[in-house]
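> Requesting a structural model of the entry that follows:
(one chain, ligands or ions: 1)
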Amino acid sequence: MENLDQEKFHQFIGKMLGDLGGALSVATVRIGVRLGLFEVLHSGGPATAAELAARAGGLAERYVREWALAQAANGYVDYDPESGRFSLAPHQAMVFAIEDSPVYMTAAFDMVAALIEAEPKVEAAFRTGGGVRWGDSAGCLFCTTGAFFKPGYTHNIVQNWLPALDGMTERLAEGASIADVGCGVGFSTLLMARAFPQSRFVGFDFHEPSVAEARRHAQEHGLAERVRFEVAKAKEIAEREFDLVTTFDCLHDMGDPVGCAAHMRKILKDDGAWMIVEPLAGDRPEENLNPVGRMYYNASTMICVPTSLDQEVGAALGAQAGEARLAQALHEGGFSDVRRVAEGAFNMVLQARN
Ligand SMILES: C[S@@+](CC[C@H](N)C(=O)[O-])C[C@H]1O[C@@H](n2cnc3c(N)ncnc32)[C@H](O)[C@@H]1O
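Okay, here's the model as predicted:
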């Protein structure tokens with residue numbers, strides 16, 4: 001090739017090798033998580049493949065050896081050639097073994113698998129311009145989504161995001177009424193409910209299997225008395241007089257975000273607030289051509305845009321809509337006071353009030 005810039009070429013091929021290695025690690029990481037290999041390596045300390053296979057309950061050593069070498073090549077575990085032992089350093093354990101760490105990321109690998117499963121339906125939608133119903137695209141995209149967002153929510157909702165709203169934590173501590181709209185499997189609702197025992201919570205979602213799962217979680221955590229989960233489209237919620245409405249990573253998935261905003265105004269008390277948690281993004285696409293935007297644009301192609309296009313209006317804001325576009329939808333829905341009150345590595349938090 002005449003015009004080939006050799007340096008750029010080598011850099012690009014190097015990047016592609018890294019990307020493909022990451023893609024190829026999806027299956028082995030998922031197997032390792034399901035078989036408890038990361039967990040026993042973390043809890044039991046350095047191990048040879050044979051020791052690891054035994055520790056994990058008598059797995060086949062030959063498979064475990066290949067798996068462990070694959071993870072060492074991934075950089076996801078360390079390998080000591082002297083002893084032939086594998087180990088997990090603290091930073092690796094936080095991602096692969098410690099479930100309550102803020103960066104426990106194994107669900108992201110499940111999400112990649114779900115996106116691959118969704119391929120035929122989304123590909124067909126490219127031709128028609130139609131949508132793909134949430135819950136239809138892959139076997140358990142909805143539970144994977146819940147697990148994917150959980151570490152970020154566990155470490156932010158109560159600690160950082162609710163306190164960023166005007167006077168809301170005091171109100172919740174005294175006893176308030178909260179609607180978590182588009183609640184999915186309910187982790188966000190339950191986290192808030194556990195932190196504010198005087199308040200009452202209702203999670204709404206239009207996807208029945210998610211609501212069933214959320215109810216199961218509420219029972220499991222002994223919170224079913226104060227937390228209800230109901231099947232409802234955001235625009236059709238009949239209950240009223242909420243002090244706080246929350247939407248976590250779902251407004252951009254809705255077909256009609258403006259209609260949703262108008263309805264959220266109706267279900268809130270006059271002095272209530274809506275907390276809108278959305279993916280972090282700049283307003284211009286070129287601001288999002290970075291690792292976070294890369295993740296979101298890919299997921300949005302496969303999940304968010306098809307979900308919205310399946311619904312009335314089909315605004316398809318996409319996961320990288322950005323603050324200006326989101327605020328416009330909130331203003332069009334009738335909210336006069338909209339502002340960004342917080343942000344994290346992956347999310348921005350907007351507050352909308354009358
Ligand atoms: C990306 S998931 C986020 C779920 C949950 N909030 C979380 O953060 O784990 C988007 C959720 O929005 C729900 N959803 C999408 N459109 C909806 C609508 N119009 N009304 C109610 N729920 C909707 C989906 O069923 C799904 O649970």
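> Within its sheet, name the partner strands of the longest strand belonging to the chain and how each one runs.
The longest strand of the chain (DSSP state E) is strand 268-279. Paired with strand 268-279 in the same sheet, following DSSP bridges, are strand 242-248 (parallel), strand 347-353 (antiparallel).
> so of the ones you listed, which one's packed in deepest?
Of all the strands paired with strand 268-279, strand 242-248 carries the top mean neighbour count, a mean of 24, counting by mean count of other Cβ atoms under 10 Å. Quick note: C-beta positions are derived from backbone N, CA and C, even for glycine.
> Now do the longest strand of the chain: everything it contacts.
161-162, 165-166, 168, 241-249, 251-252, 261, 264, 292, 296, 319-321, 326, 330, 335, 346-354 (Cβ atoms under 8 Å, 6 or more residues apart in numbering).
> Throw the strands paired with strand 268-279 into JSON lines and include mean pLDDT and distance to the ligand, thanks.
Converted to JSON lines, the strands paired with strand 268-279 look like this (pLDDT from 0 to 100; distance: least, Cβ to the nearest ligand atom, whole Å):
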{"stretch": "strand 242-248", "mean pLDDT": "98", "distance to the ligand": "4"}
{"stretch": "strand 347-353", "mean pLDDT": "97", "distance to the ligand": "10"}
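> Go through these and name the closest to residue 91.
The closest of these to residue 91 is strand 347-353. By Cβ to Cβ, the value is 22.2 Å.
> Check which helix or strand residue 228 maps to.
Here residue 228, judged by DSSP states H and E, is contained in strand 227-231.
> What pairs with that strand, parallel or antiparallel?
Its sheet considered, strand 227-231 pairs with strand 200-205 (parallel) by DSSP bridges.
> Other residues contacting the strand it pairs with?
Applying Cβ under 8 Å, 6+ apart, the contact partners of strand 200-205 are 175-184, 186, 188-189, 192-193, 211, 214, 226-232, 234, 237, 239.
> what do you get if the cut-off is 7 Å, keeping everything else the same?
Strand 200-205 has contacts (Cβ atoms under 7 Å, 6 or more residues apart in numbering) with 177-184, 186, 189, 192-193, 211, 214, 226-232, 234, 237, 239.
> quick one: which of these sit in helices?
In helices, defined here by DSSP state H, the members of those are 189, 192-193, 211, 214.
> Could you export these as a markdown table, including distance to the ligand?
Converted to a markdown table, the ones in helices among the contacts of strand 200-205 look like this (distance: Cβ to the nearest ligand atom, whole Å):
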| residue | distance to the ligand |
| --- | --- |
| 189 | 9 |
| 192 | 12 |
| 193 | 15 |
| 211 | 9 |
| 214 | 9 |
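> Adding neighbour count, write the residues you listed out as CSV.
Output for those, formatted as CSV (neighbours: other Cβ atoms under 10 Å):
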residue, neighbour count
189, 29
192, 23
193, 24
211, 22
214, 28
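> Next, format these as a markdown table and append distance to residue 276 and pLDDT.
Listed next are those as a markdown table, based on distance: Cβ to Cβ, whole Å; pLDDT from 0 to 100:
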| residue | distance to residue 276 | pLDDT |
| --- | --- | --- |
| 189 | 16 | 98 |
| 192 | 15 | 98 |
| 193 | 20 | 98 |
| 211 | 21 | 97 |
| 214 | 20 | 97 |
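> from these, which is closest to residue 127?
Comparing the ones in helices among the contacts of strand 200-205 against residue 127 with Cβ to Cβ picks out residue 211 as the nearest, at 32.0 Å.
> Report the contact partners of residue 29.
Residues in contact with residue 29 (Cβ under 7 Å, 6+ apart) are 106, 109.
> tell me which element it is part of?
helix 6-34.
> Now do that helix, average pLDDT.
Average pLDDT, helix 6-34: 97.
> again, but for stretch 132-146
89.
> For it, buried residues please.
For stretch 132-146, burial by neighbour count (16 or more other Cβ atoms under 10 Å) applies to 132, 134-135, 137-138, 140-146.
> Pull up the residues of the stretch 201-350 of the chain that are close to the ligand.
For the stretch 201-350 of the chain, the residues in contact with the ligand (Cβ under 6 Å from any ligand atom) are 205-207, 210, 233-234, 248-250, 253-254, 307, 311.
> possible to save these as a markdown table with distance to residue 70?
Below are those laid out as a markdown table (distance: Cβ to Cβ, whole Å):
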| residue | distance to residue 70 |
| --- | --- |
| 205 | 37 |
| 206 | 40 |
| 207 | 35 |
| 210 | 34 |
| 233 | 44 |
| 234 | 43 |
| 248 | 34 |
| 249 | 32 |
| 250 | 35 |
| 253 | 34 |
| 254 | 40 |
| 307 | 34 |
| 311 | 41 |
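> Return the two entries of those residues that lie farthest from one another.
Spatial extent of those (Cβ to Cβ) is set by the pair 248 and 311 at 18.1 Å.
> Which residue does the chain have closest to the ligand?
Residue nearest to the ligand within the chain: residue 184 (2.8 Å; Cβ to the nearest ligand atom).
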